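[1] please find the sequence and the predicted model below.
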Amino acid sequence: MLVFLVVILLVAGPSVGLPTRDGKTTIIAFISRPTTTQGLFPLAAVELALKEIAEDTETFPNVKFKLWHQLPASADDTQDVFQKAVGEEGISFVVGPSSTDYVRMSGVTAKDLDTLIMTHTATSTILSSPVYVNTFRVIPADDVQCAALASIAQEFDIRNVAVVSASDGFSTSLATCLLDQLETLDVKVLAWLSYRAADREDLKGLIIDQIQNLGVRVVYVLGQSFDLQDFVWNAQQRDLTGFPYIFIMPETGLGIRNSFGAIADEDIKKLDLEGLLVTSQFGGKKNDARIKRIQQAGEAADLPPVDTPYHMYAYDSVYAYAYALERLLSGGASLRDITTADLRESLQAESHSGITGKVEFKPNGDRLSGTFSVFNFQDGAFVEVGSFVGTKLTIEGELRFPGGSSRIFDTTPSLPKEVYVCSRKEVISDKKGIIQLDGPISDPEFLSADKECDSVVDCKNWADEGFGCAPSLAVADVICGILALLCAITILVCLAIMRIRRDHKVAQATDPLFTSVVSFVSLFGTLSVVLLFGQANDITCQLRIWVYSVLSSVFIGAIGAKQYRILRIFGNTSMKPVVIRTTELFPIIAAVVIPDLVVLTIWTIVDRYEADDVSDHYNCTSSLELVWILILVFYKGVLLVILSVMAFISRHFPGKYSESTQLGIAIYNTLIISIILMPVILVVDVPFLQFVFGCMIVIGFFFAPWAIMMFPKIYFILFGTNTATTFVFSEKSKDFSRTSTPTR
């Protein structure tokens, strides 16, 4: 049964001035519930305010208050008690009542009886109506709290939320207002759901499941403490608390810890409330001496500490009346001359610094602006971390979000999904949607359960589909790897033959040093195909462009240097000896490579080539990737054209030296790769085809030209005679022929 305390301070009459028993003393009524939060502690604060005003004769020389109260028998008697207080006792000022419903009833009567009400707890925007012209409130209205709640989403760039509210007047009014504020900030409300502690368990479960199925990360929960406590309890049972869920609540959330009663701290931790955010009407600065005096007054009355600041608003309510009345009395008016209209006008002009911030009123009686504190649940207790003043949210303390981080995580909705766990080789249900399958922070241990045959490298950089699906990157990796290995072994075997048969005329005619350079470049270039294996990352992306481009330039430069020497020797018409040392040709290779190094350095600095997630697969990419590749390809094309000219000029030189025909075939092969396969790999968006074409380009570029030039030499070293043999490729017969001159 609700009971109301009545504290009477001022007496007013409708048209003949404020009622007074001795011409000097006025009476006010205080109506509130007899509870620690909304009644007893505010009563202690009111009594303290009266005492301080009576003692402060310098500020209030003309104001004298007297305390009078009467308890209503029940909640139903509230209106009767109010009418009796105003009609029989002549009260013109009322502090209270405590709830919106009671203020609405009393507010209409107050207008009819020409009495003023100052509520310290009712926040509903309904009371902003002109119907309640005689109703003031020192506590900020719900629209201010809505702005404070919505500012949290704005501060942390939260773009999607869900709103859960109880069905009582306070919760519904707050929810409606909050939806408007969020819409103004372009925050999308994915759902507005109604939740009551009195609902059946299956209905409450459906609401929580609906939130989870939406994948929403941030939930505004509005209601009385018992509704909030019940919601958190059921949410924990259905795995909707802790990371990655953030709950935001109004001031009633401060009572959620106490609403669990004597529950142990370790059980509170199991609820995963860490990171809960609560906006509450400003409770004043902790070092304010007035607040300390109120706390001492509560302790003197054996009242336990309270979570809400209603007692501070009751304290400021009394002072608001005192300042407004003193202004009139100091102007020469007497109590019997002051009307309710005069006092209402004086209150609307009121501006003083209270313990809850600056106290000012709008024309409709609402507080002009409010200050809200922001609390964060950390280590089992609420910690004040910031404030909302006017329209600005300021975070001053260190926040703690679910998961223990001081920084907010990604709040983008993520739907529940079935996930394949690579190490366990089974499918699990990710109800919270916290497993990242795509993007730079994805864990290769997991992949979507419906992508087991997607031809994409997953599961720690190996094909998740194994050999059960075709085409498979795993199969392609193995085939390409074996092919590259065979090519590498072939190169090493040929080098060994050249070394063993180095006295053979063909081996001597083939410059051993440059043969070694070209062979080792071909060897490393062919083996570099391993850079295409597995999922791309930033390191392998950089290695790909540097290794492929530099090695290809070294390869072309080495062949070009040899051709340059042939041209200098056999193209010499002056009949003077020409001596070109092998070491003198290395600057030619360096000159060919330097432009590559310049382009690659600029590319790396201004437009870094990095791995980016595309279609559940990492690809190497950069903003101007095509431009840089075209520059490098164009440069290689210029080099190949120069080689072609050199090969054409040397076509009549001795075949064992110039190798113009073989070189022409090698250049033709390289041009085919550059003109056909390179554009394909840039355009195709299928990981399997990208890898296959990439493998063909690498092996085709580095191994095929080497084979075209070296295989004929190896053939004649093994099967030809050790004579002065000239190797010639006949364009007519399309076959090899030879002429021999006995060796002297």
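    Nice, thanks for sending it over.

[2] mind listing the helices for the stretch 201-350 of the chain?
    Along the stretch 201-350 of the chain, the segments classed as helices by DSSP state H, counting those that start in this stretch run 201-214, 225-237, 256-259, 265-270, 289-300, 310-330, 340-348.

[3] mind giving me the packing neighbours of the last one?
    Other helices and strands packing on helix 340-348, by 3 or more C-beta pairs under 8 Å, 6 or more residues apart in numbering; DSSP states H and E, are strand 116-119, helix 310-330. Any C-beta I mention is one placed from the backbone N, CA and C, and that applies to glycine too.

[4] run through the stretch 301-450 of the chain and note the low-pLDDT ranges.
    For the stretch 301-450 of the chain, the stretches with pLDDT under 70 are 307, 422, 437-444, 448-450.

[5] try it again with 90
    Where the stretch 301-450 of the chain drops to pLDDT under 90, the residues are 301-312, 331-341, 353, 355-358, 368-373, 377-384, 389-392, 396-398, 400-450.

[6] out of the helices and strands packed on helix 340-348, deepest packed?
    Neighbour counts (mean count of other C-beta atoms under 10 Å) averaged over each of the helices and strands packed on helix 340-348 peak at strand 116-119, with a mean of 28.

[7] who touches that one?
    Under the contact criterion C-beta atoms under 8 Å, 6 or more residues apart in numbering, strand 116-119 has outside partners 12, 92-98, 103, 106-107, 110, 127, 134-139, 317, 320-321, 340, 343-344, 347.

[8] contacting residues around residue 179?
    Per C-beta under 8 Å, 6+ apart, neighbours of residue 179: 163, 189, 192.

[9] what about the helices in the stretch 551-700 of the chain?
    Using DSSP H, counting those that start in this stretch, helices in the stretch 551-700 of the chain cover 586-606, 625-649, 655-658, 660-672, 678-683, 687-702.

[10] dump those helices to JSON lines, plus mean neighbour count and mean pLDDT.
    Below are the helices of the stretch 551-700 of the chain laid out as JSON lines (neighbours: other C-beta atoms under 10 Å; pLDDT from 0 to 100):
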{"stretch": "helix 586-606", "mean neighbour count": "15", "mean pLDDT": "87"}
{"stretch": "helix 625-649", "mean neighbour count": "16", "mean pLDDT": "80"}
{"stretch": "helix 655-658", "mean neighbour count": "20", "mean pLDDT": "52"}
{"stretch": "helix 660-672", "mean neighbour count": "18", "mean pLDDT": "62"}
{"stretch": "helix 678-683", "mean neighbour count": "14", "mean pLDDT": "63"}
{"stretch": "helix 687-702", "mean neighbour count": "21", "mean pLDDT": "78"}
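
[11] residue 714 is nearest to which of those?
    helix 660-672 (12.4 Å; C-beta to C-beta).

[12] endpoints of stretch 91-100, how far apart?
    21 Å (C-alpha to C-alpha, to the nearest Å).

[13] just give me the neighbour total for residue 709.
    21 (other C-beta atoms under 10 Å).

[14] show me the contacts of strand 116-119 that map onto strands.
    Counting by DSSP state E, the part of the contacts of strand 116-119 found in strands is 93, 94, 95, 135, 136, 137.

[15] how far away is residue 59 from residue 606?
    69 Å (C-beta to C-beta, to the nearest Å).
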